[in-house]
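[1] need a structure here:
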Amino acid sequence: MKNKPLSKRQMKALDGSIKKWEKIVGGTGVDEGAINCPCCQKYFANYCNFCPIAIYVDNTECYETPYEAYVSVFNDVFNEKSKRLAQAELGFLREVKAHFERLT
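    Residues are numbered from 1 along each chain as shown. Have a look, this model is predicted:
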């Protein structure tokens, strides 16, 4: 399915996740995991089936994404290291979006 375009619903969720991470990188947002992730809100309860991120990495729960590294170091203190990792997650999500946009 990685080579199939996303539905409007999937793209809307991905756009929402990108906005979440733009706010985190900009210092106006926080990461609450699946609670405030639009992709998780739509797809997590169904084992990430049809989640654009899961499709892209062929894995669930954001394994094999920059989010893994972010969660492993973030402990309620947003410092330079966590900001770099948040920027990596944002860049990754933009890469996912660009990949699927090329398929349309």
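[2] where does the protein have low pLDDT?
    1 (pLDDT under 70).
[3] what are the ranges of the strands in it?
    Counting by DSSP state E, one finds no strands in the chain.
[4] pull the longest helix from it.
    Looking across the chain with DSSP state H, the single longest helix is helix 80-102.
[5] give the buried residues for it.
    82, 83, 85, 86, 88, 89, 90, 92, 93, 96, 97, 100 (16 or more other CB atoms under 10 Å). (Each C-beta comes from the backbone N, C-alpha and C, glycine too.)
[6] check the offset of it from the chain's centre.
    8 Å (CA atoms, centre = their mean, to the nearest Å).
[7] for it, packing partners?
    helix 8-26, helix 52-57, helix 66-73 (3 or more CB pairs under 8 Å, 6 or more residues apart in numbering; DSSP states H and E).
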